[in-house]
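>>> what's the 3D shape of this:
(one chain, ligands or ions: 1)
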Amino acid sequence: MTRMITAALSAEDVARLAAARTLIGANDTDSILASAMPSLNGAERAALAVHAPLTHAAVLIFPTTLDGLGEELARHGLDAGAMTPSTVVRDRLSRRYAVPAADLAIGILRAPVTDRAGRRCELEIFAMATPPEFAHIAADERLHGRENHFALAVADADPIVLHGLRTMIAARMRPDGGGYNVHEDATVLYFRDAHQPAPALRRLELNCAGQFAQVLAEHQRESEPGTGLLRLMTGAWATQAIATAAELRLPDHLATIADLPGLAAATGADQDSLDRLLRYLTALGIVHTSAAGHALTDLGSLLRSDAEGSMRPLALMYGGPFYQSFAALTDAVRTGEESYARVFGAHHFAHMAANPGLAELFHQSMAASSAMFTEVTRVVDFSAARIVVDVAGGNGELLSRVLTANPATRGVLMDRPHALATAGQTLAAVADRCTLVPGDFTESVPANGDVYLLARVLHDWDDTQCHTILTTCAANMPEHAELLIIERLLPETAGADSLAVPWDVHMLCNVGGRERTESHYRALLAEAGFQLTGSHPLPLDAHVLRARRDRA
Ligand SMILES: C[S@@+](CC[C@H](N)C(=O)[O-])C[C@H]1O[C@@H](n2cnc3c(N)ncnc32)[C@H](O)[C@@H]1O
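Sure thing, here's the model as predicted:
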């Protein structure tokens with residue numbers, strides 16, 4: 001006797017099943033990862049393919065009933081096995097369409113298919129029994145394909161592996177919920193990229209046998225868009241908490257005192273308030289708190305005033321004058337003019353010139369991020385240079401490194417008088433080989449150098465002012481001399497990450513300057529008669545750009 005086939009599939013769902021099947025058949029793990037997460041490099045894709053190979057593509061279909069669906073699928077060449085109930089998709093649709101979960105009948109079937117490399121994968125078919133009153137759900141889901149996804153199966157059910165894979169994917173696709181499937185004893189994490197051009201690749205499932213509550217909880221937390229936004233919006237609180245710690249010299253005291261009453265007494269702080277600040281600093285990773293008391297983490301140690309390359313002055317600048325000018329960012333964006341002058345009544349450099357204490361702190365703070373200078377003497381060979389001229393060299397941090405590494409070289413530090421006044425201590429060890437020259441780089445620069453340095457100077461100015469500085473250099477530099485520019489470079493492509501991106505806004509607020517791409521610097525140099533001859537990366541996302549006078 002022939003069994004009645006009662007499930008009916010629409011032509012649209014048959015086509016959607018075929019598309020999901022083709023997605024698997026036309027791809028392997030590497031090619032699907034390359035399309036879904038183009039920023040993964042080959043080595044990262046290969047690692048992902050080992051630890052989490054492609055396992056299935058999923059599609060949600062809408063037969064009138066689930067009865068006889070297996071036979072109907074077989075007629076379309078899909079050999080699906082037994083149906084199991086879906087709870088995760090059912091609950092999501094229940095929430096999405098405000099329909100009681102008990103009214104939704106959703107089953108999962110799996111049909112074997114092979115990828116283009118001949119590896120066995122599956123077509124995961126979610127089927128929702130769709131009586132006429134749920135036709136609107138079917139129409140909406142078919143249109144948006146929200147449940148479509150492709151899946152990677154974690155090869156080793158291990159929390160560290162799962163955590164690492166999750167982190168790698170979450171840097172490219174937004175965490176988008178997940179759950180523990182009791183029927184299959186599997187932890188399922190979803191990711192989403194709403195901007196992915198191929199709808200079938202907008203959603204990724206990472207599937208791992210076993211229950212991993214901690215990884216799942218972290219994923220769920222990151223999946224709530226509000227949490228991420230709250231963290232971003234309260235970033236200024238972290239700035240202030242760190243600045244307050246620096247002002248109270250808390251990091252210095254934490255080097256020898258671990259208990260709260262002792263720390264409160266040493267810093268002159270209210271004990272309960274200090275306890276709350278310490279809890280926040282612990283959450284920020286600055287302080288480590290245990291039964292033994294409080295201690296600095298490695299990160300927090302950089303805030304000690306006696307630390308090599310101490311970042312304490314930067315903490316005070318970012319939580320002090322720069323914090324105030326950033327509060328007027330809206331003005332800067334509206335007008336295109338720096339907010340620092342609006343807040344303090346004078347341009348950054350004029351304000352520094354009139355406030356020696358602040359100038360001292362500023363130059364200490366510039367030196368605090370001079371980790372970008374550590375590589376300069378390795379990347380550039382100064383041994384043939386008789387004289388190195390550091391144009392607007394501040395307190396001489398870079399020049400002192402160059403002269404220390406090159407005992408036969410002499411240096412000229414050129415800057416405004418108030419800046420030179422801060423240089424004595426930095427240059428003490430090389431003072432016999434160094435001359436301090438007050439001047440204005442819009443008028444002239446010393447003329448006898450072999451190498452000229454312009455470190456973190458051009459980003460203070462707009463293109464017109466940069467042109468003036470560069471043409472002054474070109475007019476005064478000997479023909480053979482080389483110009484080295486040290487700056488952070490904005491990425492040439494949108495969306496790429498670099499410290500230059502936030503610093504560009506910082507320059508807008510505080511000096512009216514800007515960060516630039518390498519091609520922007522190449523063009524500025526060319527207009528001033530220089531040719532860009534090389535570019536080398538430095539720490540903290542900086543680069544050294546090498547240029548010579550254009551003889552063409
Ligand atoms: C951001 S700091 C960079 C200092 C140093 N090159 C460094 O990387 O640490 C910019 C420097 O430009 C100097 N400056 C500003 N206007 C100047 C001018 N017209 N002539 C010479 N130096 C100037 C400032 O005094 C300051 O030291």
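
>>> Identify the residues contacting the spatially most central residue of the chain.
Most central in the chain under CA atoms, centre = their mean is Asp497, positioned 5.2 Å from the mean C-alpha point. Shown in contact with Asp497 (CB atoms under 8 Å, 6 or more residues apart in numbering): Pro491. (Glycine included, C-beta is placed from N, CA and C.)

>>> Look at it and give its secondary structure.
With DSSP: H, G, I helix; E, B strand; the rest coil as the basis, Asp497 sits in coil.

>>> same deal with Ser519?
The three-state label for Ser519, taken from three-state DSSP, comes out as helix.

>>> Neighbours of the nearest residue to it once chain neighbours are set aside, how many?
Leaving aside its chain neighbours, Ser519 sits nearest to Glu492 (6.5 Å; criterion: CB to CB, 6 or more residues apart in numbering). By other CB atoms under 10 Å, the residues close to Glu492 number 10.

>>> likewise Ala11?
Counted by other CB under 10 Å, the residues lying close to Ala11 total 7.

>>> Looking from the ligand, tell me which residue of the stretch 251-400 of the chain is nearest.
Proximity of the stretch 251-400 of the chain to the ligand (CB to the nearest ligand atom) peaks at Gly394, 2.9 Å away.

>>> need the residues of the stretch 451-552 of the chain near the ligand, please.
Applying CB under 6 Å from any ligand atom, one finds that the stretch 451-552 of the chain approaches the ligand through Ala455, Arg456, Val457, Asp460.

>>> Redo the residues you listed as CSV? Include pLDDT, secondary structure and neighbour count.
Shown next, in CSV, are those (pLDDT from 0 to 100; DSSP: H, G, I helix; E, B strand; the rest coil; neighbours: other CB atoms under 10 Å):
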residue, pLDDT, secondary structure, neighbour count
Ala455, 97, strand, 25
Arg456, 95, coil, 22
Val457, 97, coil, 21
Asp460, 96, helix, 19
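
>>> between those, which is closest to Phe191?
Within those, proximity to Phe191 (CB to CB) peaks at Arg456, which comes in at 38.3 Å.

>>> Could I get the phi/psi values of that closest one?
Main-chain dihedrals, Arg456, degrees, to the nearest 10: phi 50, psi 40.

>>> what does Thr468 give?
The phi/psi pair for Thr468 (degrees, to the nearest 10) is phi -60, psi -50.

>>> could you pull out the strands for the stretch 51-200 of the chain?
Along the stretch 51-200 of the chain, the stretches classed as strands by DSSP state E, counting those that start in this stretch are 54-61, 84-85, 106-114, 120-128, 149-153, 174-181, 186-192.

>>> Mind checking those strands for the one nearest to the ligand?
Among those, the nearest to the ligand by CB to the nearest ligand atom is strand 174-181 (36.5 Å).

>>> counting contacts, what elements does the closest one pack onto?
Using 3 or more CB pairs under 8 Å, 6 or more residues apart in numbering; DSSP states H and E, the elements in contact with strand 174-181 are helix 88-97, strand 186-192, helix 213-223.

>>> So which of the ones you listed is the most surrounded?
Of all these, strand 186-192 has the most neighbours on average by mean count of other CB atoms under 10 Å, namely a mean of 22.

>>> Paired strands for that strand, with orientation please.
Strand 186-192 sits in its sheet next to strand 174-181 (antiparallel), strand 203-209 (antiparallel), going by DSSP bridges.

>>> where does the chain come near the ligand, residue by residue?
Neighbours of the ligand within the chain, by CB under 6 Å from any ligand atom: 349, 366, 392-394, 397-398, 415-416, 419, 440-442, 455-457, 460.

>>> repeat that for 5 Å
Contact residues (CB under 5 Å from any ligand atom) of the chain with the ligand: Phe349, Met366, Ala392, Gly393, Gly394, Asp415, Arg416, Ala419, Asp440, Phe441, Ala455, Arg456.

>>> Show the buried residues in these.
Phe349, Met366, Ala392, Gly393, Gly394, Asp415, Arg416, Ala419, Phe441, Ala455, Arg456 (16 or more other CB atoms under 10 Å).

>>> Quick check on Ala117: phi, psi?
phi -90, psi 0.

>>> what about the stretch 351-500 of the chain, any weak spots by pLDDT?
In the predicted model, the stretch 351-500 of the chain carries pLDDT under 70 at residues 495.

>>> quick one, helices of it?
Under the criterion DSSP state H, counting those that start in this stretch, helices of the stretch 351-500 of the chain are mapped to 356-368, 376-379, 397-405, 417-420, 463-476, 500-510.

>>> Need the ones you listed in TSV (columns: distance to Ala243).
Putting these into TSV (distance: least, CB to CB, whole Å) gives the following:
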stretch	distance to Ala243
helix 356-368	12
helix 376-379	29
helix 397-405	22
helix 417-420	24
helix 463-476	31
helix 500-510	15
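
>>> which of those is buried the deepest?
Mean neighbour counts for the helices of the stretch 351-500 of the chain (mean count of other CB under 10 Å) peak at helix 397-405, with a mean of 22.

>>> so it versus helix 356-368, what angle?
Interaxial angle of helix 397-405 relative to helix 356-368 (axes from the mean of the first three to the mean of the last three CA atoms, to 10 degrees): 50 degrees.

>>> would you list the strands of the stretch 51-200 of the chain in CSV and tack on mean pLDDT?
CSV is the format used below for those (pLDDT from 0 to 100):
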stretch, mean pLDDT
strand 54-61, 96
strand 84-85, 90
strand 106-114, 94
strand 120-128, 96
strand 149-153, 96
strand 174-181, 90
strand 186-192, 94
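
>>> so which of those strands gets nearest Ser535?
So among those, strand 174-181 is nearest, using CB to CB, at 33.1 Å.

>>> and that closest one, how far out from the chain's middle?
Taking CA atoms, centre = their mean, to the nearest Å, one finds the center of strand 174-181 at 23 Å from the center of the full chain.

>>> give me phi/psi at the closest residue to the ligand within the stretch 51-200 of the chain?
Distances between the stretch 51-200 of the chain and the ligand by CB to the nearest ligand atom are smallest at Ala171, namely 31.0 Å. As for Ala171, its main-chain torsions (degrees, to the nearest 10) stand at phi -70, psi -10.

>>> So for it, what pLDDT did the model give?
Ala171 carries a pLDDT value of 91.

>>> Check what pLDDT Leu329 gets.
Looking at Leu329, its pLDDT is 96.

>>> Verify the stated contact: it with Ser339.
Yes. The pair Leu329 / Ser339 is scored as a contact, 6.3 Å apart, by CB atoms under 8 Å.

>>> shared neighbours of these two, anything?
The contact sets of Leu329 and Ser339 overlap at Cys509 (CB under 8 Å, 6+ apart).

>>> tell me the most buried of the strands paired with strand 186-192?
Of the strands paired with strand 186-192, the one with the most neighbours on average (mean count of other CB under 10 Å) is strand 203-209, at a mean of 22.

>>> Off-centre distance for it?
Using CA atoms, centre = their mean, the offset of strand 203-209 from its chain centre is 24 Å.

>>> Equivalent analysis for stretch 155-171, please.
Centroid displacement of stretch 155-171 relative to its chain, using CA atoms, centre = their mean, is 19 Å.
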